[in-house]
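>>> Let me see the structure of the following:
(one chain, ligands or ions: 1)
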Amino acid sequence: AERTLRQMQKMDAIGQLAGGIAHDFNNMLAVVLSGLQLVQKRLARGDTNVGAFVEGAMDGAKRASALTQRLLAFARQQPLEPERLDLGHELADLQELLTRTLGSRYQIEIRTEPVWPTLADRSQFENAVLNLAVNARDAMPEGGRIQLRARNAPAGSAPAEGGGAAERDYVLVEVEDRGAGMDEATLARAFEPFFTTKPEGKGTGLGLSQIFGYVRQSGGFVRARSEPGVGTVVSMYFPRDEAVASPPSAAPDRA
Ligand code: ADP
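Numbering: from 1, shown residues only. Okay, here's the model as predicted:
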């Protein structure tokens, strides 16, 4: 049943993606087609000066190919392999990768506190943090400081799904930038698959929706706060792994 549910959730997400993909893919094919038509016309009248049109068509084809690659990667999404993780350590371990990936114009500040253990998939966690850091960078084209932190969010301190306060303990991992920020309309759509405000070829619009899916599958949830011209904070809440704290004699409360 577990597997079926996961499969259904995946199909649902893919269904949502299909509309967006079809639209983008069609645009790219139109670029390829019009390029080839121009080539055909010129060649028909003996004009072999077609380099630029061929180039344009190839460009469109490359973009279409990159798009389908990403769709395939999304569709065959590995099932999560949760393990007991200290997300503070995991975050701190990413310092070098982030510094290298983002370049010297960005200061990566990672602050961690001792945090509760969580059950989460390590490589998906790294992916999520990297994605958020890249978004932070894109919001600060001139460079700047990106702050990442991990801390405990005890029951009552985390926001609950339907308003109010959460009833269980979470570990909170946040990525904050002082970049362009988002207006309300953008923020409202930011987690939609394929929603992007980035130029064609740069944004896929899949980053935040994948993070949303991953954290949710891990039993947690994601929040984003943003203000135009001020910056953005994305907060990932991972449930505390309670199994660790329970005394050995206690009856296990889950399978
Ligand atoms: P992508 O980065 O490929 O566009 P995402 O799903 O990661 O896809 O983000 C969707 C959109 O949300 C972005 O195009 C951008 O408009 C907005 N966004 C995400 N993160 C930030 C951020 N840190 N600052 C400002 N806008 C952001």
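>>> Pretty sure residue 49 sits against residue 43.
No. Counting by Cβ atoms under 8 Å, no contact exists between residue 49 and residue 43, whose distance comes to 9.9 Å. For every residue, glycine as well, the C-beta is placed using N, CA and C.
>>> pLDDT wise, what is residue 48 at?
The score at residue 48 is 94. That number is its pLDDT.
>>> does the nearest residue to it once chain neighbours are set aside sit in a helix or strand, and which one?
If the residues on either side of it in the chain are set aside, residue 48 comes closest to residue 42, at 7.4 Å by Cβ to Cβ, 6 or more residues apart in numbering. Using DSSP states H and E, residue 42 sits in helix 2-44.
>>> Next secondary structure element downstream of that helix?
For helix 2-44, the succeeding helix or strand toward the C-terminus, using DSSP H and E, is helix 51-75.
>>> for the stretch 51-200 of the chain, which spans come out with low pLDDT?
Low-confidence segments of the stretch 51-200 of the chain (pLDDT under 70): 73-78, 161-162.
>>> what ranges do the helices span in it?
Remark: helices of the stretch 51-200 of the chain, listed N- to C-terminal, are 51-75, 87-92, 95-102, 122-138, 184-189; assignment by DSSP state H, counting those that start in this stretch.
>>> What's the local residue count around the residue nearest to residue 48?
The tally of other residues near residue 42 (other Cβ atoms under 10 Å) stands at 14.
>>> For it, list the residues it contacts.
Contact partners of residue 42, counting by Cβ atoms under 8 Å, 6 or more residues apart in numbering, are 48, 49, 50, 53.
>>> what does residue 171 give?
With contacts taken as Cβ under 8 Å, 6+ apart, residue 171 has the following neighbours: 87, 115, 116, 118, 150, 151, 152, 153, 237, 238, 239, 240.
>>> switch the cut-off to 10 Å
Contacts here follow Cβ atoms under 10 Å, 6 or more residues apart in numbering; on that basis residue 171 touches 85-88, 113, 115-118, 120, 150-153, 158, 220, 236-241.
>>> cool, residue 227 as well?
With contact set as Cβ under 10 Å, 6+ apart, residue 227 has these partners: 181, 182, 183, 184, 187, 233.
>>> What backbone torsions are found at whichever residue of the stretch 101-250 of the chain sits closest to the ligand?
Among the residues of the stretch 101-250 of the chain, residue 207 lies nearest to the ligand; the distance is 2.6 Å by Cβ to the nearest ligand atom. Listed backbone geometry of residue 207 is phi -60, psi -60, with angles given as degrees, to the nearest 10.
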